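> Any chance you could fold what I've pasted below:
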Amino acid sequence: MEPNPILFRDLTYIFVAAVLGGLVTWRLRLPLIIGFVLGGIAISPFTPGPHLSDLHTFELLAEVGVVLLMFSIGVEFSITDLMRVKWVALIGGPIGILIMLGVAIVAGRFFGWSTTEGFAIGAAISVASTMVLARLLSDTGRLATTYGRVMIAITLVEDLAVICMTVVIPVFGSAQRGGLLMAAWVLGKAVLLLVPLVYLAIRVIPPFLRRVKATCNSELLLLVAIAICLGTAALAQAVGFSVALGAFLAGVSISSLPELHDAHTQLVPLRDAFVALFFVSLGTLIDPAVVLHSLPLLGFMLLLIVGGKFLVWSIVVWLFRYPPRTALLVAAGLTQIGELSFVVMQAARSAGMVAENVFSTVIAASLISILLNVFIVRGTFAWLGGNTPEQRLS
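This next block holds a predicted model:
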């Protein structure tokens, strides 16, 4: 097979953009995520200068970054600590999503949206990016705090909600009878398939990794860890769940086994490289021309994402008997949308529920909300003293 010079040229563009953007934000004492996204905008087909020739290829590669990061987050998570916040996640998460759906439908009336269009946009803006939030928390050492666990637990529930949304949205977009029954059947089947996936992650993976570790071969341990991480993610996707959820389950399966954490340590450099590729790829999707032509719509979406979600999640978390400080910190972290919003909007666009400019505007709103979220989280932590570890609720 002959080498593809364009592929290697584009890879060079991506990592040079990541390095330059990262250096600028490091100088400004900002998170590297911002530099990666800005670097992606600089090499996108929509801006002058060098640009990538095949965005789809790098979107697929960027998925590897999602998988590796979520595996890493799963390793760093304690199941015991996660169970301490299960109620706010399992009950509060769906409540918050439903409220945001209602807010988008009602508020959309003033913007001329139909009910179905309001539902689709509400679905897209109701789910925050687990990957973005996890990276922000881990980079600042706040992943193990109470509010950090609540944030991640809620976003994992939102990941599961995306599956429901992508099944229900086509039903809303079609006039076929019996669509709701078909949606219920697909969802029920997906839930049943989750059971063996969880069993595999908890009962099969740890003993297998122990056998590999007994060989005392670090290279073999790295390869097996990659195979398990990617394999579990692929299996989750095959049964209808997100790759992020599958990778997270693989990480959780070894989180309580310190002797197997070497598998995670081996993956960290590879993870960081693919995570940089992911955020640069996100930056390449934004079209400044679309942003300029849809400023009122973009502003309205950002108001819902930042203002609406901050208010909704502050109230929801507070209602579950968390201190106001914790509720505000959690709400600050959830004021963004990410890669799963693209999945929701793609389903809505395919069902004819939203126009092309709405789809592009959601992508722009996602990237801008990620950039704003960094400053919102940092400002809220500084205001409320988020650097101080909190007492966990029993």
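> May I have the phi/psi pair for Thr47?
In terms of degrees, to the nearest 10, the main-chain angles of Thr47 are phi -120, psi 150.
> What residues does it make contact with?
Ile41, Pro288 (C-beta atoms under 8 Å, 6 or more residues apart in numbering). (C-beta placed from N, C-alpha, C; glycine too.)
> Distance of it relative to Thr284?
The gap separating Thr47 from Thr284 is 9 Å, by C-beta to C-beta, to the nearest Å.
> shared neighbours of these two, which are they?
Ile41.
> Which other helices and strands does whichever strand or helix holds Arg211 contact?
Using DSSP states H and E, the element containing Arg211 is helix 205-213. If contacts are counted by 3 or more C-beta pairs under 8 Å, 6 or more residues apart in numbering; DSSP states H and E, helix 205-213 sits against helix 218-238, helix 262-283.
> in the longest one, what's buried?
With burial defined by 16 or more other C-beta atoms under 10 Å, the residues of helix 262-283 counted as buried are 262-264, 266-267, 271-272, 274-283.
> hmm, who's touching the helix holding Arg211?
Taking contacts as C-beta under 8 Å, 6+ apart, the residues outside helix 205-213 that touch it are 220-221, 224-225, 228, 232, 250, 253-254, 257, 259-260, 262-263.
> nearest to Phe15, of those?
Ala225 (23.4 Å; C-beta to C-beta).
> How about the contacts made by the closest residue to the closest one other than its chain neighbours?
Nearest in space to Ala225, with sequence neighbours left out and distances taken as C-beta to C-beta, 6 or more residues apart in numbering, is Ala263 at 3.8 Å. Contact criterion C-beta under 8 Å, 6+ apart gives Leu209, Lys213, Leu221, Leu222, Val224, Ala225, Ile254 as the residues in contact with Ala263.
> Of the residues you listed, which is the most crowded?
Ala225 (27 neighbours; other C-beta atoms under 10 Å).
> need the contact list for that one.
When contacts are counted by C-beta under 8 Å, 6+ apart, Ala225 is found next to Leu209, Ala263, His264, Gln266, Leu267.
> Could you check how far the first one is from Leu270?
Separation of Leu209 from Leu270 (C-beta to C-beta) stands at 17 Å.
> tell me the SS of Phe241?
Secondary structure state of Phe241, per DSSP: H, G, I helix; E, B strand; the rest coil, is coil.
> shouldn't it be in contact with Leu156?
No. Under the criterion of C-beta atoms under 8 Å, Phe241 lies out of contact with Leu156, with a separation of 11.1 Å.
> list the contacts for Leu20?
Each residue near Leu20 by C-beta under 8 Å, 6+ apart is listed here: Gly35, Gly39.
> about what we covered before: what's the farthest-apart pair in the contacts of Ala263?
Pairwise distances among the contacts of Ala263 were taken by C-beta to C-beta; the largest, 13.8 Å, belongs to Leu222 and Ile254.
> Could you check how far the residue with the shortest distance to the centre of the chain is from Arg135?
By C-alpha atoms, centre = their mean, the mean C-alpha position of the chain lies nearest to Ser129, the distance being 2.8 Å. From Ser129 over to Arg135 the distance is 9 Å, taken as C-beta to C-beta.
> same deal with Leu69?
Counting by C-beta to C-beta, the gap from Leu69 to Arg135 is 7 Å.
> So for the two, which residue has more residues nearby?
Using other C-beta under 10 Å as the criterion, Leu69 and Arg135 rank with Leu69 on top: 26 against 23.
> Now for Arg169: which residues touch it?
For the record, residue 169 is Ile, not Arg. Under the criterion of C-beta under 8 Å, 6+ apart, the neighbours of Ile169 are Phe119, Ala120, Ala123, Val344, Ala347, Ala348, Ala351, Met353.
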